[in-house]
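[1] Coordinates for the following, if possible.
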Amino acid sequence: MIDRNDLELNTGFKNGLRVEVAIIGGGVAGLYTGYRLLDGEHHHPDQRIDPSQVHIFELSHRIGGRLWSVQLPGMSVWGELGGMRYLPTQEIVTALAETVFADRMKAVDFSMGDPAHLFFYLRKQRFRANAWNHAQVRGERFKTGFILNEGDVGYSPDQLFNKIIYDVMHADPAVRNNYGDKIRHPKPDAYEFRLTRREWNEIKPVLIYNFPGPYAGMRVADMGFWNLIQDRVSAEGYQFLSEAGGYYSLTINWNAAEAFPYLVGDFSKTGPVGYRTIEGGYDQIAYALAQAFCRTPGAAIWAGNSLVDFEAAPASDGSRYRLTILNHKSHKPWIVHANRIVLAMPGRSLELVKQSNFFVDRERNEDLHHAIVSVTIEPSFKILMGFAEPWWKGDFGALAGESLTDLPMRQCYYFGTDPENSHSLFLAGYNDMRTVRFWSALEDPSDRFEAKPTRHARREALDEWQSVQAPRVMVEEAMKQVRELHGHLPDPIADPYVTYYKDWSKDPFGGGYHGWKARIAVQDVMRYMRRPNPSEPIYLCGEAYSEQQGWVEGALCTAEHMLQDYFDLKWPRWLARDYYLGW
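    The predicted model follows:
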């Protein structure tokens, strides 16, 4: 396992520092950019950049961005406050975890558990997660408290998502004729989509909605997904998918064409998805990149140093740009000179840069402004809890996976139990969109939950975690909902002994992930964002403006595209040459 402390971050400043490339953002996209610039092979050897000329500047005092793995006191189990898994089909992150840094980390399966031991609790109806499939095997239709259209009754949320996507795609004659053999409906409740990402990108811009009504003849890319769902399965069907799908962000009015492969490739995939993660915390991917970057003599990561502004430098300066960086420790601004800038930042972080800046100023750069707001920012919130005993085992029998509810806690995950003792980790709430506000209203830093010592978590260790404890009322409300969701258990559920929460909707992130809006030419915006102004060597990369939003892979693909297009880098030696990076 990677030692996270084996990373030297510069928290001071060096006024007048001169570099060739200034990378703003120490998340995965920024770290990968720095790693590849120093480790990658250039088409022209004379284009290679000296390591002392590539520096990363990160606002916070940690690296990883929206990857944040934590180990609560008293247990060896790691929990995830941010991203927590990847798919084997995501070949850049897979190669990094399982090939490039395989000697330093161990990739393992991320178990979603056994549906027979997991639960849904919707409209006060509690049932096993396999209830739909169990009924289908018996030739029956499982009914929930939602009043669905007759033809939609008995479908699980995954199956109903698939049904909608299949029906829309098969109703388009061009798609049916060209890809019909890869879009199949072999059994009444089963749908198969065997399309590559390249084929999805061929379909998305041209797919037509061929059903009577207000949307007849529209491009699906011009439709909001909420509009499309309601038209296909009614408002009640929409509520069912919104509540039972686990994430409100899946069913908001984002770009319907982008929603199709997103759902098919993950949330509504038939059969086991096969998630993977890193033993000891998913953020080891970020630390591996950072350590490899920093071990190159001359390279540096400046933590606790945020970008305030940048401007074109005068001709006498000797560099193209002059950046103003704020050092948080001293509260002093300092100057960095650079010839190229990589903004590895989401849209909200760009909005925090001085808005009179020549590059981001709305009046002078209307195209960039429209591109920045072409995605929705999706709030996200998590609260982790440590328990002295794994109350969810026994008759319940959950060893891993998630249970879902329409209560504001939305999702919970049973992360695991320390093999040396009984202390166990539980993700008590994983929220997005509107329920985040439910929890943010309970924030009270003056009245935090008091962590309680146990046999394996001493008071001295817990005191170091007191500042990150969730507010007391938030913990009490979360436990009230946890107990309602699991109301069938024979024994009462004890309180946690320690907590940790993270609201990603706060600055500088603005949200946990992003989604493309309807009526956006996604392929054009993605290419545009990599270098918005052809006359300025200023580049953008990251998850927000990718075709795999919400995934580390999206950030990595945008960075790799940018590096190959504008930094003369060759294809990575460790990545399959036929891997499709997307638009």
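
[2] drop to CA atoms for contacts and neighbour counts, all remaining ones
    Noted.

[3] What segments of the stretch 351-500 of the chain are strands?
    Listed in chain order, the strands of the stretch 351-500 of the chain (DSSP state E, counting those that start in this stretch) span 375-378, 380-387, 402-405, 411-417, 424-432, 498-503.

[4] which stretch among these comes nearest A457?
    Set against A457 and scored by CA to CA, these come closest in strand 498-503, at 9.3 Å.

[5] I'd like the next helix or strand past that closest one.
    As assigned by DSSP states H and E, the chain's next helix or strand after strand 498-503 is strand 513-516.

[6] For that following strand, name the packing helices and strands.
    Helices and strands touching strand 513-516, by 3 or more CA pairs under 8 Å, 6 or more residues apart in numbering; DSSP states H and E, are strand 375-378.

[7] Redo the strands of the stretch 351-500 of the chain as JSON lines? Include distance to L263.
    JSON lines is the format used below for these (distance: least, CA to CA, whole Å):
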{"stretch": "strand 375-378", "distance to L263": "16"}
{"stretch": "strand 380-387", "distance to L263": "18"}
{"stretch": "strand 402-405", "distance to L263": "17"}
{"stretch": "strand 411-417", "distance to L263": "18"}
{"stretch": "strand 424-432", "distance to L263": "16"}
{"stretch": "strand 498-503", "distance to L263": "25"}
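
[8] Low-confidence stretches in the stretch 351-500 of the chain?
    Across the stretch 351-500 of the chain, the ranges flagged by pLDDT under 70 are 394-397.

[9] Between its first and last residues, how far does stretch 447-462 reach?
    End-to-end distance for stretch 447-462, by CA to CA, to the nearest Å: 16 Å.

[10] which of the residues in it are buried?
    448-451, 453-454, 457, 462 (16 or more other CA atoms under 10 Å).

[11] again, but for stretch 36-53
    In stretch 36-53, counting by 16+ other CA under 10 Å, buried: 36-42, 48-49, 51-53.

[12] now do stretch 342-360
    Applying 16+ other CA under 10 Å to stretch 342-360 flags 342-350, 353, 359-360 as buried.

[13] quick revisit: which member of the buried residues of stretch 36-53 is positioned nearest L96?
    For the buried residues of stretch 36-53, the minimum distance to L96 (CA to CA) is 11.7 Å, reached by R36.

[14] Tell me the spacing between the closest one and C557.
    Distance check for R36 against C557: by CA to CA, it reads 12 Å.

[15] Also P45?
    P45 is 24 Å from C557, where distance means CA to CA.

[16] Same question for E363.
    E363 is 30 Å from C557, by CA to CA.

[17] Could you do T376 as well?
    Distance, T376 to C557, by CA to CA: 20 Å.

[18] how many neighbours does the spatially closest residue to M409 that is not a sequence neighbour have?
    Closest residue to M409 apart from its sequence neighbours, by CA to CA, 6 or more residues apart in numbering: G429 at 4.5 Å. When neighbours are counted by other CA atoms under 10 Å, G429 registers 25.

[19] State the distance from G429 to T144.
    G429 sits 23 Å away from T144, taking CA to CA as the criterion.

[20] ok, the nearest residue to R531 once chain neighbours are set aside - contacts?
    Excluding its sequence neighbours, the residue lying closest to R531 (CA to CA, 6+ apart) is Y539, at 4.6 Å. Residues counted as contacts of Y539 (CA atoms under 8 Å, 6 or more residues apart in numbering) are 341-343, 529-532, 562.

[21] thinking again about what came up before, okay, E363 and C557: which has more neighbours?
    In this view E363 and C557 are compared by other CA under 10 Å, and C557 has more residues nearby, 26 against 10.

[22] which element is the nearest residue to A371 once chain neighbours are set aside on?
    Once flanking residues are discounted, A371 sits nearest to V525: 6.2 Å by CA to CA, 6+ apart. For V525, the enclosing helix or strand under DSSP H and E is helix 522-530.

[23] Would you pull up how far that helix lies from the middle of the chain?
    Computed by CA atoms, centre = their mean, to the nearest Å, the chain-centroid distance of helix 522-530 equals 20 Å.

[24] For it, name the packing helices and strands.
    Contact partners of helix 522-530 among helices and strands, from 3+ CA pairs under 8 Å, 6+ apart: helix 366-372, strand 538-540, helix 552-566.

[25] returning to what we had before: how about JSON lines for the buried residues of stretch 36-53, with distance to E443 added?
    Shown next, in JSON lines, are the buried residues of stretch 36-53 (distance: CA to CA, whole Å):
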{"residue": "R36", "distance to E443": "40"}
{"residue": "L37", "distance to E443": "41"}
{"residue": "L38", "distance to E443": "43"}
{"residue": "D39", "distance to E443": "44"}
{"residue": "G40", "distance to E443": "45"}
{"residue": "E41", "distance to E443": "49"}
{"residue": "H42", "distance to E443": "50"}
{"residue": "R48", "distance to E443": "49"}
{"residue": "I49", "distance to E443": "46"}
{"residue": "P51", "distance to E443": "43"}
{"residue": "S52", "distance to E443": "43"}
{"residue": "Q53", "distance to E443": "43"}
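
[26] so of those residues, which ones are in helices?
    Of these, the ones assigned to helices by DSSP state H are 36-39.

[27] still on that earlier bit, mark which of the buried residues of stretch 342-360 are part of helices, please.
    Per DSSP H, helices hold the following members of these: 347-350.

[28] any chance of these in JSON lines, with distance to R577 too?
    As requested, those are exported to JSON lines (distance: CA to CA, whole Å):
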{"residue": "G347", "distance to R577": "31"}
{"residue": "R348", "distance to R577": "34"}
{"residue": "S349", "distance to R577": "33"}
{"residue": "L350", "distance to R577": "33"}
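
[29] Helix, strand, or coil at the closest residue to R123 other than its chain neighbours?
    Sequence neighbours aside, G145 is the residue nearest to R123 in space, at 6.2 Å (criterion: CA to CA, 6+ apart). Classification of G145 using DSSP: H, G, I helix; E, B strand; the rest coil returns coil.

[30] contacting residues around G145?
    122-123, 125.

[31] so who does the residue lying farthest from the centre of the chain touch?
    In terms of distance from the mean C-alpha position of the chain, S316 ranks first, at 43.1 Å (CA atoms, centre = their mean). S316 makes no contacts at all, as judged by CA under 8 Å, 6+ apart.

[32] Just give me the longest helix of this protein.
    Longest helix in the chain by number of residues (criterion: DSSP H): helix 225-244.

[33] Which other helices and strands does that one contact?
    Under the contact definition 3+ CA pairs under 8 Å, 6+ apart, helix 225-244 sits against strand 119-122, helix 157-170, helix 256-262, strand 402-405.

[34] out of the ones you listed, which comes closest to A95?
    Closest to A95 of the helices and strands packed on helix 225-244 is helix 256-262 (CA to CA; 21.3 Å).

[35] Just the residues contacting that closest one, thanks.
    165, 200, 204-205, 207, 220-225, 228, 250, 516, 518, 547-548.

[36] Which elements pack onto whichever helix or strand comes after it?
    Per DSSP H and E, the first helix or strand lying C-terminal to helix 256-262 is strand 276-278. Contacting strand 276-278 under the criterion 3+ CA pairs under 8 Å, 6+ apart are the following elements: strand 107-109.
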